[in-house]
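In: Here is a sequence with its predicted model. Questions after.
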Amino acid sequence: MQITSNISLKNLNTFGIEAEAKYFTEIQSVDNIIELLNTKEYKNNAHLILGGGSNLLLTKNVDALVIKNNLKGISIVKENDDAVWVKCAAGEVWHEFVMWCIQHNFGGLENLSLIPGCTGASPMQNIGAYGVEIKDTFYELEAFHLETGKQQLFSKSDCEFGYRESVFKQQLKNQFIITSVTFQLSKKPTFHIEYGAIKQELETMHISELSIKAISQAVINIRSSKLPNPKEIGNAGSFFKNPEVPAETYLKLKQEFPNLVAYPLENSNYKLAAGWLIEQSGLKGLKVGDGGVHKLQALVLVNYGKATGKEIYDLSTHVLQTVNAKFGVTLEREVNII
Ligand code: FAD
Ligand code: EPU
């Protein structure tokens, strides 16, 4: 394990923001973490754990030890006729892991195809797309407690998963390095095709027999058609969460804005499509310097080249204020601001 200093993070965050880490190291094993805890760079500095850097906005140089998680390995830990428990190390690239599951015909993660980042970050915000969240197949995770130097197991209820939320984003923030995640996948998959344009895309693809592979491909096609590829345009996916409002607020807004896009929730609240609110506020396609609101998906803020993290952050504040002024709804940032 090697610790270097003043390292550029430009290629390690999908926004492509130029920022330096005071110290930087990569961990390949749990032993590396134990070794790291005894170093002066760890003891004398704050730390930031980094996966694929696809849910971060770096607003300044990182005055901390950046720990890039590179733990690898996928293994089957248990199986029966119906299900299989697959353990995936935190540093595995999420989409590659999903593809591995599909190749083995293990169902449950196909709707989450093409989400950037590493498996270790997937429980952080309970990643979700196309009607599925990881909590639906999550079994348990192992995490290293930095204060005690011990590995700990977390069950689904321990993780307190919510919409783009978990205990690791709240009470336990920065206290654990997630080292592996185990999913309970199905050998006899149930297909989830109700959400969004999946059915329509499957028709366009002329799929005669439904399979997890076909659903994965449909999701890949839809995502590629509207979400900017971070290799071409810097971004971190949805910058804001879709806000949840009480039914009363929803009804008032619906009266004033009959085309409002919203989804009823089980708790009788409504989730509003933040992309719609931003677009209707006239901000879709807005460019400020090299920062912008994406022209195909208004919920995604983008870096067209040399925008700084501060510029993107200021743009997000402008979006927040404009949406609030028009609709009286306060958006919450989804991306982790560093
Ligand atoms: P990073 O950005 O590196 O880290 C995110 C947070 O987790 C940080 O706070 C970091 O400190 C912490 N962290 C990372 N790894 C660990 C670990 N091992 N232990 C402890 N803490 C850790 N998200 C969705 O939910 N659904 C989507 O559909 C979706 N689409 C996206 C599309 C695009 C084009 C992009 C760029 C992003 C999208 N995202 C989406 C957001 C992002 O891909 C996910 O949040 C992803 O899980 C982040 O993984 P990462 O490894 O890049 O995390
Ligand atoms: N919409 C607009 N204008 C826009 C964008 C969206 O009017 O510019 C409206 C459309 O009516 C559309 C609706 O909003 O039907 C929903 O849009 P979309 O299906 O693109 O999904 P989203 O709500 O914008 C969420 C997640 C995404 C996830 C998709 C698919 C959040 C914050 N975002 O986006 O997750 O991939 O659904 O399930 O929940 C991410 O978290 O980074 C992310 C990309």
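Out: Perfect, thanks for sending it. Computed from a predicted structure; not experimentally measured. Ligands and ions are numbered 1, 2, ... in the order given.
In: Might you enumerate the residues of this protein proximal to ligand 1?
Out: By C-beta under 6 Å from any ligand atom, the residues of the chain that approach ligand 1 are 14, 48-56, 69, 90, 115-118, 120-122, 124-125, 127-129, 176-178, 227, 230, 235-237, 336. Every residue, glycine included, has its C-beta placed from N, CA and C.
In: Contacts (any at all) between ligand 2 and the lengthiest helix in the chain?
Out: Assignment by DSSP state H gives helix 309-327 as the longest helix of the chain. No. Helix 309-327 stays clear of ligand 2 (C-beta under 6 Å from any ligand atom), getting no nearer than 11.8 Å.
In: for the helix or strand just after that helix, packing partners?
Out: Using DSSP states H and E, the helix or strand that follows helix 309-327 in sequence is strand 336-337. Helices and strands touching strand 336-337, by 3 or more C-beta pairs under 8 Å, 6 or more residues apart in numbering; DSSP states H and E, are strand 56-57.
In: what do you get if the cut-off is 10 Å, keeping everything else the same?
Out: strand 56-57, helix 309-327 (3 or more C-beta pairs under 10 Å, 6 or more residues apart in numbering; DSSP states H and E).
In: Parallel or antiparallel, which strands does the shortest one pair with?
Out: Looking at strand 56-57 with DSSP bridges, its paired strands and their directions are strand 336-337 (parallel).
In: Next, report how far the strand it pairs with is displaced from the centre of its chain.
Out: 12 Å (C-alpha atoms, centre = their mean, to the nearest Å).
In: other SSEs contacting the one helix or strand Asp63 maps to?
Out: Assigned by DSSP H and E, Asp63 falls within strand 62-69. On a contact count with 3+ C-beta pairs under 10 Å, 6+ apart, strand 62-69 meets strand 3-8, strand 20-27, helix 30-37, helix 40-43, strand 47-50, strand 176-186.
In: Pipe these into CSV and attach mean pLDDT per row.
Out: Listed next are these as CSV, based on pLDDT from 0 to 100:
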stretch, mean pLDDT
strand 3-8, 98
strand 20-27, 98
helix 30-37, 95
helix 40-43, 97
strand 47-50, 97
strand 176-186, 98
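In: coming back round to it: got the CA positions of the strand holding Asp63 in CSV?
Out: The C-alpha trace of strand 62-69 is given here as CSV (Å, rounded to 0.1, in the frame of the first residue of the first chain):
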residue,chain,number,x,y,z
VAL,A,62,-9.8,17.7,-1.0
ASP,A,63,-7.8,18.5,2.2
ALA,A,64,-7.9,14.8,3.3
LEU,A,65,-6.6,11.3,2.6
VAL,A,66,-8.6,9.9,-0.3
ILE,A,67,-9.0,6.2,-0.1
LYS,A,68,-9.9,4.6,-3.4
ASN,A,69,-11.6,1.3,-2.9
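In: Compute the inter-axis angle for that strand and strand 20-27.
Out: 20 degrees (axes from the mean of the first three to the mean of the last three C-alpha atoms, to 10 degrees).
In: Between strand 176-186 and the helix or strand following strand 62-69, find me the angle.
Out: Using DSSP H and E, the next helix or strand after strand 62-69 towards the C-terminus is strand 74-79. Calculated by the same axes, to 10 degrees, strand 74-79 forms an angle of 60 degrees with strand 176-186.
In: give me the number of residues near Leu202?
Out: Neighbourhood size, Leu202 [other C-beta atoms under 10 Å]: 19.
In: Give the closest residue to it in space, chain neighbours not counted.
Out: Distances taken as C-beta to C-beta, 6 or more residues apart in numbering place Ala218 nearest to Leu202, at 5.1 Å, with adjacent residues excluded.
In: Please identify the helix or strand for Ser154.
Out: That one is not Ser; residue 154 is Phe. Using DSSP H and E, Phe154 falls in strand 150-155.
In: phi, psi of the most centrally placed residue in the chain?
Out: Nearest to the mean C-alpha position of the chain, counting by C-alpha atoms, centre = their mean, stands Ile127 at 5.0 Å. When read as degrees, to the nearest 10, the backbone of Ile127 gives phi -50, psi 150.
In: how distant is stretch 109-126 from the center of its chain?
Out: 6 Å.
In: what about that stretch and ligand 2, any contact?
Out: No. Using C-beta under 6 Å from any ligand atom, stretch 109-126 stays clear of ligand 2, coming no nearer than 7.3 Å.
In: circling back to that earlier point, report the contact partners of the residue nearest to Leu202.
Out: Residues counted as contacts of Ala218 (C-beta atoms under 10 Å, 6 or more residues apart in numbering) are 110-111, 113, 130, 193, 196-205, 207, 210.
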